[in-house]
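Asks: Using only what follows, build the 3D model:
(4 chains)
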There are 2 protein chains.
Amino acid sequence: MEFSNVSERRATTPPLGVSTVVFMLRPEEDAEGRPGLWLPLVRRTREPYRGHWALPGGPVRGDTSLRTAAADTLKDTTALAPRLLEQLYTFGGTDRGEGQRLVSVVYWALVRAEDPHAELLQDPDVAWFPAAAAPGELAFDHQRILDYALARLRAKVGYADVAQRLLGETFTLAQLRAAHEAILDTRLDPANFRRTVLARGSLEDTGDVHTGGMGRPAHLYRAIDTRQQTVLPDPEGERS
Amino acid sequence: MEFSNVSERRATTPPLGVSTVVFMLRPEEDAEGRPGLWLPLVRRTREPYRGHWALPGGPVRGDTSLRTAAADTLKDTTALAPRLLEQLYTFGGTDRGEGQRLVSVVYWALVRAEDPHAELLQDPDVAWFPAAAAPGELAFDHQRILDYALARLRAKVGYADVAQRLLGETFTLAQLRAAHEAILDTRLDPANFRRTVLARGSLEDTGDVHTGGMGRPAHLYRAIDTRQQTVLPDPEGERS
DNA sequence: TAAATAGTGTCTCTTAGACAATATCGT
DNA sequence: ACGATATTGTCTAAGAGACACTATTTA
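Replies: All right, here's what the predicted structure looks like:
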């Protein structure tokens, strides 16, 4: 962008980092037998906030885009490719905790619950936590960032086809509904949910059914990407 | 935020800048006698893109917040305090035009149409342009940024009380409707607009009427800030 | 008076939600 | 058969939009 108004640029450009709020649907049942939203956190090994949990992140180097930097830190922590990766907000207040100035471009991501747990549990400094009950006091302003990411996710799930990214290739409407319920922390009427989500036109009936469950078998659906976007896309998001 | 995963930070942190898309409602009538959306641009005096128009902006110094940096550049160009200043998006691709890498945190702002024109017109390198018809080829990726800002504004005017910030202390519903029409580039039904906007509960009838116009005098309304926010606020936005 | 704008009333259509009713599976 | 879940049907309430109608000013 270059600087249109100022003739000299001082050597005081603040350091720039990327952090990512990663959400995953943990299929293990919670108290009421329903899946829940979890996120990975990293324990800080240095001051400030040594020992506190923090969002995964890292510095931005001059030769990588912000989005790539976010994707890289995501791969480092979860070893998964994000099913959704969008920019959340850039935090650049002068006092975001313990003195030092840092500008953080924060992304949020959704990943599928496939295999990451094992290797993560080997590292005691990386762990998954319930999104609504982060452990103790998070480092810096990360609790506020997490709250904002959750609020954005909750808002977005109401009008965009987002929750599907938490699930596998095919899924029943009950599973998709469980994902919505985990995000919103409410119960949704199965009948109305079905109509609402089908009306969006982003689901395709595979014809197969999911048998083995409790009651009547449910049809399996697949996400189809609707090329005619109705919502504002991330301007630097993935091309397609 | 500090870096949780990476042990060393390279000295390659990209330079950081702020730019702002400023919208103003120009009361001078357009072809059909209606106000229009305008924005200020700055002519580049250096390479690259010398001579092209660009969004006003500047570097971020280590001791100012991003929001403050945006407000400062706004003051430099329009000499007005923004009635609304929100973060738009952070552009940080590796090739945003003509080589050099720059990360730009972009804000968008609304200002009232009061007095800025005079002093701006004295500077041939700062000028106002219709938002929908920016001059020639803008520098860098600024045309895309402008498009995105317009899209966001158009989306937001549908659910948030934003257009009022373009007007003065008191205004008629016809003036507010004209602002909406300028933003959306459509005509709105006066009757339905009245009901919709009054239902939001953010307007207060002053009791006074606006006389001197063509037909029946219209009541003057005032914006009241509804403390119970229903939309997601800018997380680093103004406290209140 | 006519023209113009402000403001009210009404009608239709769509959508969200509550909730009843039916369908089809495991046990 | 019974319990559980899937799926469909139906009813109501709220909101958006089209449009007729009334009210009050200037010319």
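
Asks: for DNA strand C, what are the nearby residues on chain A?
Replies: A:189, A:191-192, A:195-196, A:199, A:211-212, A:214-217 (CB under 7 Å from any atom of the strand). Bear in mind the C-beta positions are built from the backbone N, C-alpha and C, glycine included.

Asks: What is the nearest of those residues to B:V231?
Replies: Top of the list for closeness to B:V231, among those and by CB to CB, is A:T196 at 21.3 Å.

Asks: quick one: the closest one and A:R177, what's the gap?
Replies: Here the criterion is CB to CB, to the nearest Å. By it, A:T196 lies 10 Å from A:R177.

Asks: neighbour count winner among the two?
Replies: A:R177 (19 against 13; other CB atoms under 10 Å in any protein chain shown).

Asks: Can you name the residues that contact that one?
Replies: When the contact criterion is CB atoms under 8 Å, 6 or more residues apart in numbering or on different chains, the partners of A:R177 are A:188, A:190, A:193, A:197.

Asks: Am I right that it is in a helix?
Replies: Yes - assigned with DSSP: H, G, I helix; E, B strand; the rest coil, A:R177 falls within a helix.

Asks: At which residues are the helices of chain A located?
Replies: A:66-78, A:117-122, A:142-156, A:173-184, A:190-199 (DSSP state H).

Asks: Check which residues of the longest one are buried.
Replies: Under the neighbour-count criterion of 16 or more other CB atoms under 10 Å in any protein chain shown, helix A:142-156 has A:142, A:145-150, A:152-153, A:156 buried.

Asks: cool, and the last one?
Replies: Across helix A:190-199, burial judged by 16+ other CB under 10 Å covers A:193, A:197.

Asks: ok, now the fourth one?
Replies: When burial is assessed from 16+ other CB under 10 Å, helix A:173-184 yields the following buried residues: A:173-183.

Asks: Which one of those is nearest to chain B?
Replies: Nearest to chain B among these is A:I183, at 14.9 Å by CB to the nearest CB.

Asks: so what's the closest one closest to, chain neighbours aside?
Replies: A:V157 (5.1 Å; CB to CB, 6 or more residues apart in numbering or on different chains).

Asks: residues near that neighbour, how many?
Replies: 17.

Asks: ok, it to chain B distance?
Replies: Per CB to the nearest CB, to the nearest Å, A:V157 is found 13 Å from chain B.

Asks: Show the pLDDT at the closest residue to A:V103 other than its chain neighbours.
Replies: Residue nearest to A:V103 in three dimensions, not counting chain neighbours: A:G92, with 4.2 Å by CB to CB, 6+ apart. Note on A:G92: pLDDT of 92.

Asks: thought A:G92 was touching B:G62?
Replies: No - distance between A:G92 and B:G62: 10.6 Å, which falls outside the contact criterion (CB atoms under 8 Å).

Asks: the bottom helix or strand of chain A by mean pLDDT?
Replies: helix A:117-122 (a mean of 72; mean pLDDT, DSSP states H and E).

Asks: what's the least confident stretch among the helices of chain A?
Replies: helix A:117-122 (a mean of 72).

Asks: Closest residue of chain A to DNA strand D?
Replies: A:G215 (2.4 Å; CB to the nearest atom of the strand).

Asks: pLDDT score assigned to that residue?
Replies: pLDDT at A:G215 comes out at 91.

Asks: Give me the phi and psi angles of A:R61.
Replies: The phi/psi pair for A:R61 (degrees, to the nearest 10) reads phi -90, psi 160.

Asks: Now do the same contact list for it.
Replies: Contacts of A:R61 by CB under 8 Å, 6+ apart are A:69, B:10, B:12-14.

Asks: Please give the number of neighbouring residues around the nearest residue to A:A160 once chain neighbours are set aside.
Replies: Excluding the flanking residues, the one nearest A:A160 by CB to CB, 6+ apart is A:V231, at 5.2 Å. Counted with other CB under 10 Å, the neighbours of A:V231 add up to 11.

Asks: Tell me how far A:V231 lies from A:D161.
Replies: 9 Å.

Asks: ok, now A:V126?
Replies: 30 Å.

Asks: try A:S104
Replies: Distance from A:S104 to A:D161, by CB to CB: 28 Å.

Asks: same deal with A:L120?
Replies: For A:L120 relative to A:D161 (CB to CB), the value is 28 Å.

Asks: Ignoring the adjacent residues along the chain, who's closest to the most centrally placed residue in chain A?
Replies: With distances taken as CA atoms, centre = their mean, A:A109 lies nearest the centre of chain A, 2.9 Å away. Distance criterion CB to CB, 6+ apart; nearest residue to A:A109, sequence neighbours excluded, is A:P82 at 3.9 Å.

Asks: ok so, going back, flag the least confident of the contacts of A:R61.
Replies: Out of the contacts of A:R61, that is B:R10, at 44.

Asks: what does chain A put close to DNA strand D?
Replies: Close to DNA strand D, as judged by CB under 7 Å from any atom of the strand, chain A has residues A:172-174, A:190-192, A:194-195, A:213-219.

Asks: For those, work out which two are farthest apart.
Replies: Between any two of the residues of chain A next to DNA strand D (CB to CB), the greatest distance is 22.2 Å, for A:R195 and A:M214.

Asks: The residue nearest to A:A160 reaches A:G158, doesn't it?
Replies: No - using CB under 8 Å, A:V231 is not in contact with A:G158; the gap is 11.1 Å.

Asks: Now for those two: what residues contact both?
Replies: Common neighbours of A:V231 and A:G158 (CB under 8 Å, 6+ apart) do not exist.

Asks: So in chain A, which strand runs the longest?
Replies: In chain A, taking DSSP state E as the definition, the longest strand is strand A:16-26.

Asks: same for that strand, what does it pack against?
Replies: strand A:36-43, strand A:57-59, helix A:66-78, strand A:103-111, helix A:142-156, helix A:173-184 (3 or more CB pairs under 8 Å, 6 or more residues apart in numbering or on different chains; DSSP states H and E).

Asks: gap between that strand and the chain center?
Replies: 5 Å (CA atoms, centre = their mean, to the nearest Å).

Asks: cool, stretch A:28-37 as well?
Replies: On CA atoms, centre = their mean, the centre of stretch A:28-37 falls 18 Å from that of its chain.

Asks: what does stretch A:46-53 give?
Replies: With CA atoms, centre = their mean, you get 23 Å for stretch A:46-53.

Asks: Can you report how many residues neighbour A:R187?
Replies: 12.

Asks: Against A:S104, how distant is A:E204?
Replies: 38 Å.

Asks: which of the two has more neighbours?
Replies: Shown here are A:E204 and A:S104; by other CB under 10 Å, A:S104 has more neighbours (24 against 12).

Asks: any low-confidence regions in chain A?
Replies: By pLDDT under 70, the low-scoring segments of chain A are A:1-11, A:29-31, A:115-118, A:226-230, A:239-240.

Asks: Buried subset of the contacts of A:R61 as a ChimeraX selection?
Replies: Only the buried entries of the contacts of A:R61 go into this ChimeraX selection, using 16+ other CB under 10 Å:
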select /A:69 /B:13,14
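
Asks: Dump the helices and strands packed on strand A:16-26 into JSON lines; add distance to B:L25 as well.
Replies: Output for the helices and strands packed on strand A:16-26, formatted as JSON lines (distance: least, CB to CB, whole Å):
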{"stretch": "strand A:36-43", "distance to B:L25": "42"}
{"stretch": "strand A:57-59", "distance to B:L25": "40"}
{"stretch": "helix A:66-78", "distance to B:L25": "33"}
{"stretch": "strand A:103-111", "distance to B:L25": "32"}
{"stretch": "helix A:142-156", "distance to B:L25": "28"}
{"stretch": "helix A:173-184", "distance to B:L25": "38"}
